[in-house]
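> no FASTA, just this:
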């Protein structure tokens, strides 16, 4: 081991301060250990003496309310201690939500339905994680809803979903992904098919509403909703559509006053709109970093992160699968059948003939039993990736989390591609 790699540094943190570090070096590793005192990472408490290992792409903030000593081993691409943090403001938000939950519990009503909005790279998903972790530490069971199809925090990019959160997120790997409810969107930009996006948001809101009614703990705990960073024009309309569909009662606006003022103007009076500062630790990502983060998320789905997973590779005959995409190119109104609108085409199931067009694309495996079912609004079982297409033998090879056969033969084509470099 070179001297540089084995670099060990101790940081003494005063109360209400945080150590921020990031790691961008490919194959780089940094180990974090809490030596004394109390500290947390995005709302999850660190265990004293336990070593947490972070790899490329990690952006971490270790916060302490009482003061602590932490040790970093390995080379970071930047680390510093900051006393300027909005954590006490975020904690106040949690406390206000906790009051709403207490009232909901007494009156057998639904707890807070909170939507977090703001432009890209202001820390929306981090704030979601923080508020979810704080709720769980109080014994709550909130539902996390992710409408950010660009990153896909619950499943993979190109999807939206919901997850009942029962325990704090893992410091390194995030929330446990057991039994999430996921819908196929198939694009990384909501604008690629706004009709479909809104349709799925409405569907997800219905399902979440049913879930809340069926689970008393979740009902009282409420929802925390993460949104996309697209907030202008069409993106703003999608935000207001989501707010109505989920019947949100609180909107937390990170960093942007203009968006805050627009929402105050356009939301009904019962919706509390709160303006919050972003953390100084939030790092803006380049287009390349966004792509890498998407790839990483897909790679982890198939191969795991720290605990390796071993996906299967097998051939599927074209005749054994029914491949569809959602949305046909809109036709001019004059060509439409009577009574149909041009928009209807955007949420239509369209059969796809297998061929080289599938190579490297992700496919969602639908829960639907037949194409006659409402496939578009049916959740998905999981995902496979097409790694090879043999037109002569009329087969394609897929990377799958489980061995053959496919659990279902209805596959939905995503425009998102993944080059398997394993």
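Cool, got the structure. No experiment lies behind these values; they were computed from the predicted model shown. Numbering: from 1, shown residues only.
> where along the stretch 201-350 of the chain do the helices fall?
216-221, 234-245, 257-266, 287-303 (DSSP state H, counting those that start in this stretch).
> Now the most centrally placed residue in the chain. Nearest residue, chain neighbours left out?
Against the mean C-alpha coordinate of the chain, by CA atoms, centre = their mean, the closest residue is residue 153 at 2.0 Å. Spatial nearest neighbour of residue 153, excluding adjacent residues (CB to CB, 6 or more residues apart in numbering): residue 146 at 4.8 Å. (Glycine included, C-beta is placed from N, CA and C.)
> again with residue 249
residue 113 (5.4 Å).
> Count the neighbours of that neighbour for me.
Using other CB atoms under 10 Å, residue 113 has 25 neighbouring residues.
> Now the helix or strand of the chain with the lowest mean pLDDT: buried residues?
One helix or strand of the chain scores below all others by mean pLDDT, DSSP states H and E: helix 287-303, with a mean of 89. Buried residues in helix 287-303, counted by 16 or more other CB atoms under 10 Å: 290, 292, 294, 295, 297, 298, 299, 300, 301, 302.
> And for stretch 72-89?
72, 73, 74, 75, 76, 79, 85, 86, 87.
> Next, format those residues as JSON lines and append secondary structure.
Listed next are the buried residues of stretch 72-89 as JSON lines, based on DSSP: H, G, I helix; E, B strand; the rest coil:
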{"residue": "72", "secondary structure": "strand"}
{"residue": "73", "secondary structure": "strand"}
{"residue": "74", "secondary structure": "coil"}
{"residue": "75", "secondary structure": "coil"}
{"residue": "76", "secondary structure": "coil"}
{"residue": "79", "secondary structure": "strand"}
{"residue": "85", "secondary structure": "coil"}
{"residue": "86", "secondary structure": "coil"}
{"residue": "87", "secondary structure": "helix"}
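> Out of those residues, the closest to residue 171 would be?
Proximity of these to residue 171 (CB to CB) peaks at residue 72, which lies at 13.9 Å.
> For the closest one, report the pLDDT, please.
Residue 72 carries a pLDDT value of 95.
> In the lengthiest strand in the chain, which residues are buried?
Secondary structure of the chain per DSSP state E: the longest strand is strand 380-390. Neighbour counts over strand 380-390 (16+ other CB under 10 Å) mark 380, 381, 382, 383, 384, 385, 386, 389 as buried.
> I'd like the distance between the residue nearest to the centre of the chain and residue 131.
To residue 131, residue 153 is 14 Å away according to CB to CB, to the nearest Å.
> cool, and residue 357?
42 Å.
> between those two, which one's more packed in?
residue 131 (24 against 13).
> pLDDT score for the more buried one?
97.
> What helices and strands are in contact with the strand or helix carrying it?
Secondary structure from DSSP states H and E places residue 131 in helix 124-137. Under the contact criterion of 3 or more CB pairs under 8 Å, 6 or more residues apart in numbering; DSSP states H and E, helix 124-137 touches helix 87-107, strand 113-117, strand 143-146, strand 223-226, strand 250-254.
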